[in-house]
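Peer 1: what would the 3D arrangement of this be:
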Amino acid sequence: MRPRRPAAVLCLALAAALPGCAWPVDADDPVAVPRFEGSPPPIAPVTPAPVPVASATLADLSGGSAYSGTVTVVRTPVSVGLPPLAGPLADDCDLPDDGSVRTLAVELTFTDTSTAAMAGLAADVALTAADGGPPRAGTAVLVGSAAPGTRWCQDGPSPVTDGFGVGSGTGSATTVTVWVVARAGAPTRDLVLRVSGLRNEAGSNATGPWDEVAVAAGGCADDPAALCVPLG
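Peer 2: Numbers count the residues shown, from 1 in each chain. Purely as a prediction, here's the structure:
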């Protein structure tokens, strides 16, 4: 005669399939077998971290004062939907809010490493094809702004150039977010964000191009003082 399995052992074997089946637990027993109730929590998707893509050190001498700083650039993963910008972005740029738009952010951080004077950074940004020509149709570049009443795409629904200027303070860092938008399909390696014309705009203390722009990564082949960020 075949021996019968104890009910508790059978319940343990079926615990994964039958959520109502559980091993008895003594709350005062530190080695008690835990109950197998319900399903395990879902595993949250892993969001890729931003990718460092370019960097440079800056130096300038103006009016007897020495200025210095660094620029670091990271690229975030492509996301679905409109960028989180203030104002009537969808209406201004004629962008459908139906999940067909792809967005990518490029974050530029300027750190003022001057020891006495206060530096600033201004630059031009442009979206180009990988060969330096015009980007494919349906793409646009927008420098982020949280200013009330901001309007977008005032010169057309797909601007491919923009610019920014930020002040800082000795030892402080300021980040500017540049958004790249594609109406159909994600930005890929056929697009490049070009950051050029780096200027030390520190009010009346200094104005004009930085005397030295030493690019450590992400340089442009045709301009040693510019940064070229592939969007692939």
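Peer 1: need the helices for this protein, in chain order.
Peer 2: Read by DSSP state H, the chain holds these helices, from start to end of the chain: 7-14, 89-93.
Peer 1: what's the least confident stretch among these?
Peer 2: The stretch with the lowest mean pLDDT among these is helix 7-14, at a mean of 40.
Peer 1: can you list the domains in the chain?
Peer 2: Recorded structural domains for the chain (assignment: automatic domain parsing) are 1-44, 51-230.
Peer 1: how about the ones you listed in JSON lines, adding mean neighbour count?
Peer 2: From N, CA and C alone the C-beta is placed, and that goes for glycine too. Supplementary listing: the domains of the chain in JSON lines, determined by neighbours: other CB atoms under 10 Å:
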{"stretch": "domain 1-44", "mean neighbour count": "10"}
{"stretch": "domain 51-230", "mean neighbour count": "17"}
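Peer 1: worst average pLDDT in those?
Peer 2: By mean pLDDT, the lowest-scoring of the domains of the chain turns out to be domain 1-44, with a mean of 47.
Peer 1: residue 141 contacts residue 161, correct?
Peer 2: Yes. Residue 141 lies in contact with residue 161 (CB atoms under 8 Å); the separation is 7.1 Å.
Peer 1: what sits in contact with each of these two?
Peer 2: Common neighbours of residue 141 and residue 161, using CB atoms under 8 Å, 6 or more residues apart in numbering, are 125-127.
Peer 1: okay if I get these as JSON lines plus distance to residue 150?
Peer 2: Formatted as JSON lines, the entries for the shared contacts of residue 141 and residue 161 read as follows, by distance: CB to CB, whole Å:
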{"residue": "125", "distance to residue 150": "17"}
{"residue": "126", "distance to residue 150": "20"}
{"residue": "127", "distance to residue 150": "19"}
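Peer 1: against residue 138, how distant is the residue most central in space within the chain?
Peer 2: The residue at the geometric middle of the chain, judged as the C-alpha nearest the mean C-alpha position with CA atoms, centre = their mean, is residue 76 (3.4 Å). In this view, residue 76 and residue 138 are 20 Å apart by CB to CB, to the nearest Å.
Peer 1: got it, and residue 104?
Peer 2: Here residue 104 is placed at a distance of 14 Å from residue 138 (CB to CB).
Peer 1: show me what contacts the closest residue to residue 208 other than its chain neighbours?
Peer 2: Counting by CB to CB, 6 or more residues apart in numbering, the nearest residue to residue 208 once its immediate chain neighbours are dropped is residue 199, at 6.1 Å. Listed by CB under 8 Å, 6+ apart, the contact partners of residue 199 are 121-123, 165, 207-210.
Peer 1: ranges for the strands of this structure?
Peer 2: In the chain, the segments counted as strands under DSSP state E are 51-62, 65-75, 79-80, 102-112, 120-129, 139-143, 161-167, 173-182, 191-199, 212-217, 219-220, 223-230.
Peer 1: can you put those strands in JSON lines and add distance to residue 154?
Peer 2: Written out in JSON lines, the entries for these read as follows (distance: least, CB to CB, whole Å):
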{"stretch": "strand 51-62", "distance to residue 154": "28"}
{"stretch": "strand 65-75", "distance to residue 154": "26"}
{"stretch": "strand 79-80", "distance to residue 154": "25"}
{"stretch": "strand 102-112", "distance to residue 154": "20"}
{"stretch": "strand 120-129", "distance to residue 154": "16"}
{"stretch": "strand 139-143", "distance to residue 154": "11"}
{"stretch": "strand 161-167", "distance to residue 154": "11"}
{"stretch": "strand 173-182", "distance to residue 154": "15"}
{"stretch": "strand 191-199", "distance to residue 154": "21"}
{"stretch": "strand 212-217", "distance to residue 154": "30"}
{"stretch": "strand 219-220", "distance to residue 154": "28"}
{"stretch": "strand 223-230", "distance to residue 154": "25"}
